[in-house]
Structures are given as structure tokens and as C-alpha cells.
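Asker: I'd like to go over a predicted model; first the sequence, then the structure.
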Number of protein chains: 4
Amino acid sequence: MEKIIVVKYRDVKLKSPILIGGLPGIGNVGKIAADYIVEKLNMVKIYDIFSEYLPPQVFINDDSEIHLVRNSIYYKKMRGKHDLLVLGGDFQGTTQEAQYELSYKMLELAKDMNVSEVYTLGGYSVGKIVERPRVLGAVTDKKLIPELEKNGVIFPKGEPGGGIVGSAGLILGLGMEIFKINGACLMGETSGYFADPKSAMEVLNVLQKQIGIKIDMSDIETRSKQIEQITGKMQEEFQNKQGKEDLGYFG
Amino acid sequence: MEKIIVVKYRDVKLKSPILIGGLPGIGNVGKIAADYIVEKLNMVKIYDIFSEYLPPQVFINDDSEIHLVRNSIYYKKMRGKHDLLVLGGDFQGTTQEAQYELSYKMLELAKDMNVSEVYTLGGYSVGKIVERPRVLGAVTDKKLIPELEKNGVIFPKGEPGGGIVGSAGLILGLGMEIFKINGACLMGETSGYFADPKSAMEVLNVLQKQIGIKIDMSDIETRSKQIEQITGKMQEEFQNKQGKEDLGYFG
Amino acid sequence: MEKIIVVKYRDVKLKSPILIGGLPGIGNVGKIAADYIVEKLNMVKIYDIFSEYLPPQVFINDDSEIHLVRNSIYYKKMRGKHDLLVLGGDFQGTTQEAQYELSYKMLELAKDMNVSEVYTLGGYSVGKIVERPRVLGAVTDKKLIPELEKNGVIFPKGEPGGGIVGSAGLILGLGMEIFKINGACLMGETSGYFADPKSAMEVLNVLQKQIGIKIDMSDIETRSKQIEQITGKMQEEFQNKQGKEDLGYFG
Amino acid sequence: MEKIIVVKYRDVKLKSPILIGGLPGIGNVGKIAADYIVEKLNMVKIYDIFSEYLPPQVFINDDSEIHLVRNSIYYKKMRGKHDLLVLGGDFQGTTQEAQYELSYKMLELAKDMNVSEVYTLGGYSVGKIVERPRVLGAVTDKKLIPELEKNGVIFPKGEPGGGIVGSAGLILGLGMEIFKINGACLMGETSGYFADPKSAMEVLNVLQKQIGIKIDMSDIETRSKQIEQITGKMQEEFQNKQGKEDLGYFG
């Protein structure tokens, strides 16, 4: 079989689209944010990407139907200068080779659709629950920084220290070096212990300003508050019992 | 070498065959069931599939002859509308890539032989010994559910929660997305601690009704009873000594 | 790079050669035996096989020169009906794919040189030191058994139970299924705790009778006796101190 | 994607260049030395090598810009008979295949540029802090030894016993066997517990004599002394507290 099988569902002409990538990762921040955009903007699927770079697994939905794991690209025509593309999916590539090959393929598809700019969304693990997650940034070109800063992105010198591992970094790195596409990575601070809609919400707040879109945020606000209550309680109980160190067991 | 080497032993014209897949896995349920069909229907081998996706291993039979590990496909001409194909073998592919490549190759061979429907057989681990294993199902299309239910398959909402890992799921997932072949996965409940002929027997009972075949079940009934006696005794002893938790050590 | 690079040093016409394979493995029995034949018969190298399927490593010889790890094939013209080829090397392939690809390549080279029969040499781990190692056999065709039995090979029913893992089995398995070359695997019993020249010596004794060659065995006899003395002493000391179980620490 | 992507930045005609390779490894000795040469000689980049054989990772620089991990080759035109090339980078290949493929690609590039000789730089772990690290050597041809000895390289018989693992050995091994390029590996003794500029300095001292270049060594001398002070203090403290054995915890 081909190592990556791209199934195309429709031919669309897009005007200079912006690509937003959000795959599972730290705190699932990127995936939560990307899936939320797809849902709230009623985006339409163009591509399914099946691959032996993903786990050999199917999910079963509530109708007992099989869902082969995949990545997908959705589009939405917008009023402004740029149409919108979102890349989401069930998994990131599971090996080093898988990461490179899938990121490269996404960029090939992006190039074909004349993508003008890429934003990858992810989580930045700070190892503890934060009241108000900041959104950190990294860019392919420092000229992009002023506007991002204006929209609320923080650029701490040399952070994250270990760089970015996985598709959120690789899509930008391969994008700038091989495909000459610029972009930024937006990383929401997260404990990293559980799926974190609050961090995703902050990322979305920044992203909306940055690319000039408007999404109904009420659902993700509700989910953020629910999680906040649960984790707040857990935190209290844990601190009462065993002190701060044990938060590591949440995950 | 080619990564998968298919050796073809005979040219047969089959009428709209049903493919049944049963490879080693949880409780070896799928393999026991598939091998039993091959044996009881005196099925004839069409293909051996050798591959570097399988362990680098040979078995030694009772005549001290070497048996290179493989997957194989057997056929049987039937009176009804559908001839029968069974896929069995010594191992599943040992890596993620191996799983995809071997499942895809099986589907290519299936497509060549005009397979109309696929049933993959497997075990569903419930972590304890069950008196009467149920047979759970997952399908490529929910239209298939009513007939399967009529024949005794259970469809619990959203189960198995983690989906299906390995060839039993992948053959169906790739089958529906890439090859446009429909089918179902039949999973016999099993403790997962040992090879489980009783679970395989229940899967075969359902399968016979579903595809309208009749197999002499006396041998597998005998084996099921033998295993039941052994595990029943072990269970008693363990419970006397250490309580229920220790059943985990059976495997 | 090519995944396997074959460097050919000379063109030789061989008459229906027998191929003997002995690579590192259990007790290093196969490698010791094969290297001994090459040395004692002053065999000449035809092929070096370099490969990314071998470790990314070089050895340093006593002259501080670098030796890239490899497999090699040596030949010797013989008076009888069959010339001789020996396959030896620093390592076996390190992964499943590596095992298959290297074994297959050896068989392609063997086929090109019209190899008539293959003997792979290896160790059979019995987990304790044995006074007089037996030589166990497995064959591609049971017709080969009577002559091997006459020459001292033992064929215990269904042993080794787990089959043979690695090149000693794979060369025969792929040989019989894909290349239609027959042969046998000769396995010397060994503790598996250290490199075992005594087991290799017994394998060589059987092999010489089987293929009608005569090798000066005095050196390997000396080495066997030295090892026997060392392990005998260690065994004594260990048994005095801690009892039999601790032999496992020899390796 | 191609498994190795070579980006070429300029066309240069070099006279019989010497290639020096220093990638991350034991004590980072090779990388520190190679990077120091590039810096002090103001060498100019010819090639970036991106690859799925490297980690799927980007670094973030102090300007918050993304740096996709890579290997690079730099050049410098020299007055003498040989121009200079240095291979450096963020990582070595992360798998066996990666090591072979990247080393082979470097040699292809080297061959294209008519490289006359290769020196690979690395560390030799001695497991303790050494006052004055010696520089050990290994060569592709023993004729190279006398001159290297004259310039301060030590050739202990049969050392390193386990050979050399990774690119420092492989570039020489593949170089001599496949590309007919000669060279030497220069290994600075190092504890292996931390990045070791002192060992790198000793390697550079030897290398300068050997290839007839002159580098300003003041910076690396300063860094060596700083490290020496830190490790000296740590050593003292550890020895006061727990004795010599505990040095293993430095790393």
C-alpha cells in the first residue's frame, strides 16, 4: 500500500487560505481547538488521510460503526482575504519517520491549495494547573512577532527550552525550509495532566484576533468551567491529603 | 526481497465469496475459530503469504521439518450464493506498518477474488472468566446490524471503548474506506488469560447462522469443556488461596 | 544507499557448492564453527556484505585499523562432487526486517552460485552446562533425516519447541519455500551462558561426516578443553557457594 | 518526502578538501570541536541536510524563531594544498538505518567535492574525570599512524575494545570500503558525564598540527577552565560526602 493514502472528497478553489493545524498532543490543546473551529464554523471535509504512520486501530462509534483512524482537512470559504483550512485528526504520526512524512504530506496538500500562512496549535506543559493560561508563540520569521504580540501572544526568550516536538513544530520547520510557507505556533499553557479546554479556549481567543474570524465561544467556555470545577475540587482534596507534589497523579 | 511474498497454489473461480479472517490475538479466539472452519470443511489452500512483517522464525513440526511462519488463504466451494474463503496464520504483523501492509494485501487478494463481504473474528477481553461468552459486533455499515442481532450478536453502545487494535479492525476499516467492501467484526468475550475455545465456539455458532453454513461442532465442544474443567479448578484453587484478584496470573 | 551492499572480490566457477552458514547466536556455536572451517581450510573470500541492517559500528583491530562490521562468504574448491561455501560475519541482522532481507540476499547469492544444499549451524540452549553436547537437527525435507541420523544428528520429536529464531532458521525456511533449496539446521546443545567451542566442535564432527570433508580439529579441541576447565571450576565454586541456580550469572 | 533532503546554498570549487566531522556524541567532544572550528574560521555554509532520520523537533532561538534540526557542511578556502570542510549538526541519526544513511549521504557529498581525507572527531568515555585527556586514534590504513603519532595521537593496541559506534566510525568505515577515502578518528578522553570542552580542546590541538591549520584557542581554553573549576568543586564535594563511586551521578 502507499504509506499515506489521501482520499479527496471535493474540488474547491480557495483564495489564499490560512491553514490551522491542531492534532492530539500535550493537554490535547491543539486538537480541542481545531475540532472546535470545524464544529462551530460547520467546515466541510476535503481530505481524509489514512496511513500506516498512524496506529493500526479502528474506533467504534455509538452506532457500532467502525471508524478507521485518520487525519482530515476541512475548509470554509470566508468573506475576508483568506479562506480557512483546518487540519485535525485522531492521532499524530507515531514514529519519527511518521511525523516527518505526515507533516510533509500536509504541506504538499497545503502548497497545492496555495496556503499563505500556517498556524499550528498546541499545548505547553507547565506541570501545574494555571489560573489563566498564557499563549506562547514561536514563528518562522521574527517579522511576524509584533502583530502576534498585539493579539496577546507571549514570546519568552528562548522558550520552550527543549523546542517543539511533533507536528506543531515540524509543519512550521519543514514549511519554512522546504515549502517557503511562513507561520506561527501558538501554545497554550496547560498542566499536561488532562485534556484542557481552558487552554484551548485561550488559544482560540488569540487566534480569532490574529486571523480575523469570530467563533461562538459559549460551549468551550462551559466545558472550561466544568473542568475547572472538577480539577479545582481534585486539587483541593489532593492538597488536603498529600500536598502539592501529588498533582502529578492526575493524568 | 519483496516485503510481502504471495505464493499462489491454484487458480479458482469463486462465486461472490465471503472472506472470514481469524488470526492470533486476544484469547486466540479468532485463530481457533478460523482454523476450525478450515479443518472441518476440508478447505483447500490457495495462497501462502510470507513476509518480513512476520517474526523471523521457523517452527519445527513432529517430523522435524521446518515450517516458515506465514498467513494463508483457503477456499471452499459452497452450494449457496457465496463460496467461502478463510484467512488464517501463525502471527499477525508485528509492527504498525506490518499490520497495515498485511491487511491491505489481504484486501487486494480479496478484491481480486470478488469477495462480497468480510467477517473478522476475534476476542474481546473482559478480564475475568465468563460462564457464557457473548459475541459482540462492530460493522462497516449500520444496515448490517439487524440481521446480525437476529443471529445472536450483541451491539453495546460505543463498545469496545478503545476500538479494535490489529487486523480484525484494520481489514474492515481499510476494506470500507479504500476497497468498498462491507463486513463485520465478531468478538467473543474471553478472559484473555489463555487460548479460549469456548469463546471461539460461541463466535462460530453465530457465524454459522449469519452466513448459512453448518460445521460439525463436536470437537470444539469437547475442547471447550476440557478447558472449562481446568480453568474451573484453577479458579477454585486460586479463590481459596488468594481471592479473586489473582486471576490475572493465569496467562 | 542500498540497504545491502554486496562487494564482490572474485569471479569463481564452483561445482554444485554446499553452503554452510554460521553467524553469531546462542553460545556463538554457529559462528565459532563457521570461522573455524574458513581458517582451517584457508578459504578465500568472494563477498563482503555491508548493510544498514547491521549495527552502525566499526571494530578496531590490533593495528588500530578500522573494520566495518559485515557478513562475508568464502569458497574452497574441493575434490568431491561439491565445492564449499561458508557464510560468516560479525552480526546477524538486528531487526525482523533485517533478518529476512539479509537471509534472502544470501540465498540470492547462493542461487547464483548454484548452491545445491545448505547447512546452517547454531546453538540450542539447554540452560545448563552439558558434559557431551548432542547435535540436534531440523530439515527442509524429512528424506534428509536418515543420512543425518547415521552421521550422529538427533531428531527429537517437535524440538526445539519454539522453533528456530534468526538466520539459521530463516535461510532454510526461505530457501525451501522461495528458492527451492534443501538443507538442514545443525544445533549444538549449549548452556547459552558463554561462547561454546565444545558445542561447535560437536557440530563440526557431525558436519564433516555429513558433507565428506576433513578438518584438523586439534585447535578447537584445545580451546574446548580450556573452556571446560574454566567453566568446570566456576561451576564448582558457584555450587559450593550458592547452589545450582546461580549458573545463570555466568553469561 | 525524500528521506534525506539536501539544500545547497552555493557552488564552490574546492581544492582537494579535508573533511572534518564532529556531531553530538560522548561528552559532545566532536560537536564542540567542530562547531569551534566553524566559528573561529568564519566558515561558510554550503549544505543543510534535513531528514526524517533526525528527531521530529524544532528548536526555538532567542528571537523566538524556529530552527528545524539538521546537519550542515561548511567550507573555508585555505592557503595550503587542502581546503577545509566541516560537518556539524544538532543530532546524529537516531536509528541504525539513520546512521548508515546519513553517513553514506555525507560521503556522497564529500566524494562530489573531491574530499581527499576525512577526520572524524569524538569522545572516548573513560568513566572518570581525567586531568589531561589523551587523544586516541583509529585509522583506515595503518600507514597514517606515524604522522598522527608525531602530532600527539595515541594508538593503544585494540582500543577502544568495543569499537566505535555511530557516525564517527561509520563515516570512516563506509568511506574506506565503499568510497575509497582514507582518514582517521580522533577521540578525546572524557568522563562522559557532561559536555567536555577540555577534551575537545585537546582534540583540536592535535588536529591543528595534523592538518596544518591555526585556530585561536583562547575561548575554548577559558571554557575548559570554567568547566574544570565546576567539576573540580563538584568532585571535591562528592568525595567529601560519598566517596569516589558517586561521580556517576554527575551526568
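Answerer: Looks like it came in fine.
Asker: Run through who's touching stretch A:197-216.
Answerer: Contacts of stretch A:197-216 from elsewhere in the structure, counted by C-beta atoms under 8 Å, 6 or more residues apart in numbering or on different chains, are A:18, A:20, A:27-30, A:32-33, A:36-37, A:40-41, A:78, A:80, A:82, A:84, A:119, A:121, A:123, A:132-135, A:147-148, A:151-153, A:186-190, A:217, A:220-221, A:223-224, A:227-228. Quick note: C-beta positions are derived from backbone N, CA and C, even for glycine.
Asker: Check the spacing between A:Gln226 and chain C real quick.
Answerer: Per C-beta to the nearest C-beta, to the nearest Å, A:Gln226 is found 47 Å from chain C.
Asker: hang on, that residue in a helix?
Answerer: Yes. The secondary structure assignment for A:Gln226 places it in a helix, going by DSSP: H, G, I helix; E, B strand; the rest coil.
Asker: measure it to A:Phe194 for me?
Answerer: 12 Å (C-beta to C-beta, to the nearest Å).
Asker: neighbour-wise, which of those two wins?
Answerer: Neighbours per residue (other C-beta atoms under 10 Å in any protein chain shown) separate A:Gln226 from A:Phe194, with A:Phe194 holding more: 16 against 12.
Asker: pretty sure A:Gly192 contacts A:Gly127?
Answerer: Yes. Counting by C-beta atoms under 8 Å, A:Gly192 touches A:Gly127, with 6.5 Å between them.
Asker: more crowded one of the two?
Answerer: Using other C-beta under 10 Å as the criterion, A:Gly192 and A:Gly127 rank with A:Gly192 on top: 22 against 11.
Asker: can you tell me which helix or strand the more buried one belongs to?
Answerer: For A:Gly192, there is no host helix or strand (DSSP states H and E).
Asker: Can you tell me the closest non-neighbouring residue to it?
Answerer: A:Ser125 (3.5 Å; C-beta to C-beta, 6 or more residues apart in numbering or on different chains).
Asker: what about the one you found, how many neighbours?
Answerer: For A:Ser125, the count of nearby residues is 18 (other C-beta under 10 Å).
Asker: Surely A:Leu85 forms part of a strand?
Answerer: Yes. Note on A:Leu85: a strand contains this position according to three-state DSSP.
Asker: So what's the residue count around it?
Answerer: Here the neighbour count serves as a burial measure; for A:Leu85 (other C-beta under 10 Å) it reads 25.
Asker: List the beta-bridge partners for it.
Answerer: For A:Leu85, the beta-bridge partners are A:Leu19, A:Tyr75 (DSSP bridges).
Asker: and stretch A:191-207, average pLDDT?
Answerer: Stretch A:191-207 comes out with an average pLDDT of 96.
Asker: meant to ask about stretch A:219-232
Answerer: 90.
Asker: what comes into contact with it?
Answerer: A:32, A:36, A:40, A:129, A:191, A:194-198, A:200-201, A:204, A:250.
Asker: For it, list every residue counted as buried.
Answerer: By neighbour count, with 16 or more other C-beta atoms under 10 Å in any protein chain shown as the criterion, the buried positions of stretch A:219-232 are A:Ile220, A:Arg223, A:Ser224, A:Ile227, A:Thr231.
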